[in-house]
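[1] Compute the structure for the input listed below.
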Amino acid sequence: MTPTSLLRRLLYVILIHFTLSAAHAHPIPDIPVRGSFQTGGAATLSVEVNPRCFDADPTTATSLTKLLFSTINDARKAELLQKAEALVKRDLEFTLDPIGRIQPEFHFEFTGEGRRPIEGDDSVVIITGTWHTTIPAGITGWNIRSGTDNKVSVVFENAINNVPHPRVAVLFPGERSYTLDLTQLTGAAPSKPVAGNVPAEGGSGHLSSTIWSFGKQGFGHVFPEGLDHILFVLGLFLLGRAWRPLLLQISTFTLAHSVTLALATLGQFSAPANIVQPLIAATIAFVAIENIWQAQYTHRRLIIVFAFGLIHGMGFASALGDLTIPKESILAALGGFNLGVEGGQLAVIAGALLLTGWIRDTQNYRRWVAIPGSIAIGLTGVYWTVARLIH
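    Next up, the predicted model:
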């Protein structure tokens with residue numbers, strides 16, 4: 001089998017894979033875990049589980065909307081609540097120092113995202129578990145761990161005396177959070193530092209930890225889970241591998257999605273997902289189709305990329321929209337998330353260069369890579385657009 005025929009078959013496989021999986025792709029559902037602690041020991045722990053987490057592939061599962069929720073019977077609702085309870089027990093580990101691991105007695109109920117009311121038919125229904133308790137005297141801190149088999153990331157958020165704690169951690173499977181210091185609330189003596197512990201809270205520790213946590217989340221929302229953003233970046237790549245045009249396009253795309261991501265996260269505007277998601281798919285189709293008819297880069301492309309970047313920024317904002325990020329941590333969270341997104345984009349570009357770098361001739365590259373790849377991406381984008389519009 002010749003290299004060109006092998007590459008052609010590979011492109012067909014990619015086309016089939018993306019066509020079957022991308023139509024129902026959604027932003028990755030995180031599991032927020034929130035602790036609220038009061039002087040004297042009163043505490044409330046809560047966890048939010050999107051029913052999509054029960055699916056074998058949460059990225060392609062359909063959200064449970066208010067309209068769908070109204071059609072299921074009581075037995076099915078009870079089953080979903082039991083699944084949420086089982087998932088929390090299996091995939092989350094809660095620890096109070098120096099007691100060790102504990103098992104919160106959560107009460108699970110259906111709510112909107114972030115405990116917001118379930119209003120419109122398109123509102124997403126979440127299963128929220130809540131545990132009201134009193135932290136015993138002598139407790140020095142608390143932390144959580146995400147199970148190694150967890151399919152999604154876990155977000156660790158806290159508030160002390162109703163003031164959001166500035167440090168927010170995003171945990172990948174198998175990772176443990178920092179330990180939140182509770183000694184001032186329970187009257188316990190501060191615990192002695194142990195080798196390997198996260199640095200003491202405060203100062204630059206908050207900044208670096210938040211940037212790192214959200215950087216990981218931003219990377220994951222592009223590579224490997226962000227199929228729509230992967231396809232768009234590949235669409236930019238396929239027009240040509242010359243480093244200057246590629247750098248200009250990626251930089252313009254970064255600038256544009258950073259603008260709308262920041263504005264949406266700061267609450268300056270919002271756009272419904274049923275509008276944003278089809279638009280994102282349409283941008284993928286447009287860029288890919290343009291690659292077929294436009295053989296060379298022109299600066300007109302930057303205008304298109306900037307406009308489309310604004311739309312993709314709205315999609316990235318959905319990854320942060322459900323998190324109650326403290327005001328003093330918003331800039332660090334945004335910066336870290338953007339850095340992670342750029343890292344994911346660079347990983348996509350690097351992978352594409354590794355796969356196609358052996359084709360030196362420009363005409364062969366366009367014939368065997370750019371055009372077939374753009375056709376595959378374009379068809380996926382069109383199919384995705386239609387599927388999201390009628391979903």
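
[2] CA atoms for contacts and neighbours, from now on please.
    Noted.

[3] Residues contacting stretch 266-274, please?
    263-264, 314-315, 388-389 (CA atoms under 8 Å, 6 or more residues apart in numbering).

[4] Identify each buried residue in it, please.
    Neighbour counts over stretch 266-274 (16 or more other CA atoms under 10 Å) mark 266, 270, 273 as buried.

[5] nearest to I127, of those?
    The nearest member of the buried residues of stretch 266-274 to I127, counting by CA to CA, is A273 at 20.0 Å.

[6] how close does the closest one get to L279?
    Distance, A273 to L279, by CA to CA, to the nearest Å: 10 Å.

[7] Likewise for F286?
    With CA to CA as the criterion, F286 and L279 are 10 Å apart.

[8] what does Q294 give?
    According to CA to CA, Q294 stands 22 Å off from L279.

[9] neighbour-wise, which of those two wins?
    L279 (21 against 13; other CA atoms under 10 Å).

[10] Could you save the buried residues of stretch 266-274 as TSV and add columns showing secondary structure and distance to G340?
    Conversion of the buried residues of stretch 266-274 to TSV gives the following (DSSP: H, G, I helix; E, B strand; the rest coil; distance: CA to CA, whole Å):
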residue	secondary structure	distance to G340
L266	coil	19
S270	coil	22
A273	helix	22
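
[11] CSV please, covering the residues you listed and showing pLDDT.
    Listed next are the buried residues of stretch 266-274 as CSV, based on pLDDT from 0 to 100:
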residue, pLDDT
L266, 79
S270, 76
A273, 76
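
[12] between these, which is closest to I160?
    I160 lies nearest to L266 out of those, by CA to CA, at 22.4 Å.

[13] returning to that earlier point: show me which of the buried residues of stretch 266-274 is closest to I230.
    Among the buried residues of stretch 266-274, and counting by CA to CA, the member closest to I230 is A273, at 18.8 Å.

[14] Tell me the spatial nearest neighbour of I118, not counting adjacent residues.
    Distance criterion CA to CA, 6 or more residues apart in numbering; nearest residue to I118, sequence neighbours excluded, is G112 at 4.9 Å.

[15] likewise R301?
    Among residues not flanking R301 along the chain, Q249 sits closest, at 7.7 Å (CA to CA, 6+ apart).

[16] Packing partners of whichever strand or helix holds that neighbour?
    Taking DSSP states H and E as the criterion, Q249 maps to helix 243-265. Counting contacts by 3 or more CA pairs under 8 Å, 6 or more residues apart in numbering; DSSP states H and E, helix 243-265 packs against helix 227-238, helix 300-320, helix 330-356.

[17] Can you give me the separation between I349 and A256?
    I349 is 19 Å from A256, where distance means CA to CA.

[18] What backbone torsions are found at F94?
    Main-chain dihedrals, F94, degrees, to the nearest 10: phi -110, psi 130.

[19] Might one say that it is in contact with G147?
    No - F94 is not in contact with G147 according to CA atoms under 8 Å; the separation is 10.8 Å.

[20] Tell me which of those two has more neighbours.
    The neighbour comparison of F94 against G147 (other CA under 10 Å) goes to G147, with 22 against 17.

[21] Return the distance of the longest strand anywhere in the chain from the chain's centre.
    Counting residues, the longest strand in the chain under DSSP state E turns out to be strand 125-134. Taking CA atoms, centre = their mean, to the nearest Å, the mean C-alpha location of strand 125-134 is offset from the chain mean by 22 Å.

[22] Quick one: list the elements packing against it.
    strand 42-49, strand 107-112.

[23] Tell me which of those lies nearest to W131.
    Of all the helices and strands packed on strand 125-134, strand 42-49 comes closest under CA to CA, at 5.2 Å.

[24] by contact count, what packs against the closest one?
    If you count contacts as 3+ CA pairs under 8 Å, 6+ apart, strand 42-49 packs onto strand 31-37, strand 125-134.

[25] Can you add distance to A56 and give the ones you listed back as CSV?
    CSV is the format used below for the helices and strands packed on strand 42-49 (distance: least, CA to CA, whole Å):
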stretch, distance to A56
strand 31-37, 16
strand 125-134, 18
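
[26] Among these, which comes closest to F232?
    strand 31-37 (27.1 Å).

[27] coming back round to it: bridged to the residue nearest to I118, which residues?
    On the basis of DSSP bridges, G112 is bridged to V125.

[28] That one: neighbour count?
    19.

[29] pLDDT wise, what is it at?
    For G112, the model assigns a pLDDT of 86.

[30] What separation do you get for it and E105?
    Taking CA to CA as the measure, G112 falls 21 Å from E105.

[31] cool, L80 as well?
    Between L80 and E105 the computed distance is 17 Å (CA to CA).
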